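Visitor: using only what follows, build the 3D model:
(one chain, ligands or ions: 1)
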Amino acid sequence: MEVVPLAGAQQVATLAADVVEGVVRRRPDAVLGLATGSTPLPTYAELIRRHRDGTGPGYGRVRCFNLDEYVGLPAGHPESYRATIARELTDALGIPASRVHGPDPSPDRLATAGERYEAALQEAGGVDVQILGIGTDGHLAFNEPGSSLASLTRIKTLTEQTREDNARFFGSVEEVPQHVLTQGLGTILRARHLLLIATGEGKAEALAAAVEGPLSASCPASVLQLHPHVTVLADDGAAKLLARRDHYREVYDAKPAWQGL
Ligand code: GLP
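Guide: Numbering: from 1, shown residues only. Here you go, the predicted structure:
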């Protein structure tokens with residue numbers, strides 16, 4: 001795992017955008033794994049800015065897979081993750097909705113939604129780079145504490161804390177759905193490169209547990225320790241409780257130029 005402590009959220013966004021663009025330049029039909037939440041928004045804004053400047057790569061052949069989706073929202077609801085990703089990223093990059101996939105929350109097809117999504121991911125050849133945020137309780141996607149470290153896409157029930165954290169996107173906590181469909185931790189581990197971004201002090205405890213704590217279902221993001229290619233980009237606030245923070249920075253500063261992230 002490579003941890004890169006950075007001064008602020010904009011530095012995180014710049015480097016994260018570099019990683020995503022690097023993947024698309026190397027492989028124009030890359031499969032991008034997309035996350036929602038507030039953390040990736042500056043990264044998405046940076047990718048859009050570069051695309052509009054004409055300095056970004058071509059996204060014409062890229063395919064995208066979202067990490068998760070709420071269950072129980074009316075189709076087209078602005079806070080559905082399908083609508084959020086289109087609004088915050090893919091529409092502006094010119095990636096048509098037909099190339100952006102998400103778990104299917106249709107009520108009559110819920111029982112098979114997980115296996116259908118796993119099949120679609122497999123058919124696409126897997127995810128080249130998966131953008132990830134981290135929940136304040138250590139969740140990845142919507143895998144709450146206690147999730148199997150080998151889990152695949154399935155329906156889950158949100159914790160009260162996550163519903164409270166996400167209430168800001170809705171009118172109130174009561175309006176945050178209780179159920180979701182989420183890629184499992186085992187699904188996430190299949191992506192070829194995991195790019196976790198964390199900003200703000202509110203994430204410091206969860207990030208320290210994920211990176212330096214024991215591997216445990218009690219901290220779902222600790223599953224990253226099992227993956228061969230993980231990059232963690234963290235700003236000062238989020239990196240605050242990392243015991244080896246100075247060493248991570250030394251390692252990054254001493255990296256050979258050819259190595260990349
Ligand atoms: C959400 C999402 C996660 C996200 C996390 C943190 O509920 N399902 O993919 O990483 O919680 O969100 P934020 O970046 O807004 O703190």
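Visitor: quick one: contacts for the one residue in the stretch 51-200 of the chain that gets nearest to the ligand?
Guide: With Cβ to the nearest ligand atom, the shortest gap between the stretch 51-200 of the chain and the ligand falls at G133, namely 2.5 Å. Glycine gets a C-beta too; all of them are placed from N, C-alpha and C. Taking Cβ atoms under 8 Å, 6 or more residues apart in numbering, we find G133 in contact with 35-37, 39-40, 196-198.
Visitor: could you redo the last one with a cut-off of 7 Å?
Guide: Neighbouring residues of G133 by Cβ atoms under 7 Å, 6 or more residues apart in numbering: 35, 37, 39-40, 197.
Visitor: just the pLDDT for it.
Guide: What the model reports as pLDDT for G133 is 98.
Visitor: from the contacts of G133, which land in strands?
Guide: I197 (DSSP state E).
Visitor: and the contacts of G133, which two are furthest apart?
Guide: Greatest spatial distance among the contacts of G133 (Cβ to Cβ): G37 and I197, at 9.7 Å.
Visitor: which of those two has more neighbours?
Guide: I197 (28 against 19; other Cβ atoms under 10 Å).
Visitor: can you name the residues bridging to that one?
Guide: Judged by DSSP bridges, the bridge partners of I197 are L233.
Visitor: same deal with G33?
Guide: Bridge pairing for G33 - DSSP bridges - gives F65, Q130.
Visitor: give me the neighbour count for it.
Guide: G33, neighbours per other Cβ under 10 Å, totals 26.
Visitor: again with G56
Guide: 19.
Visitor: give the contact list for it.
Guide: 21, 47, 50.
Visitor: near the ligand, which residues of the chain?
Guide: 35-39, 67-68, 133-135, 141-142, 162, 166 (Cβ under 6 Å from any ligand atom).
Visitor: just the buried members of those?
Guide: Buried by 16 or more other Cβ atoms under 10 Å: 35-37, 39, 67-68, 133-135, 141-142, 162, 166, out of the residues of the chain next to the ligand.
Visitor: restricted to helices, list the residues you listed.
Guide: 162, 166 (DSSP state H).
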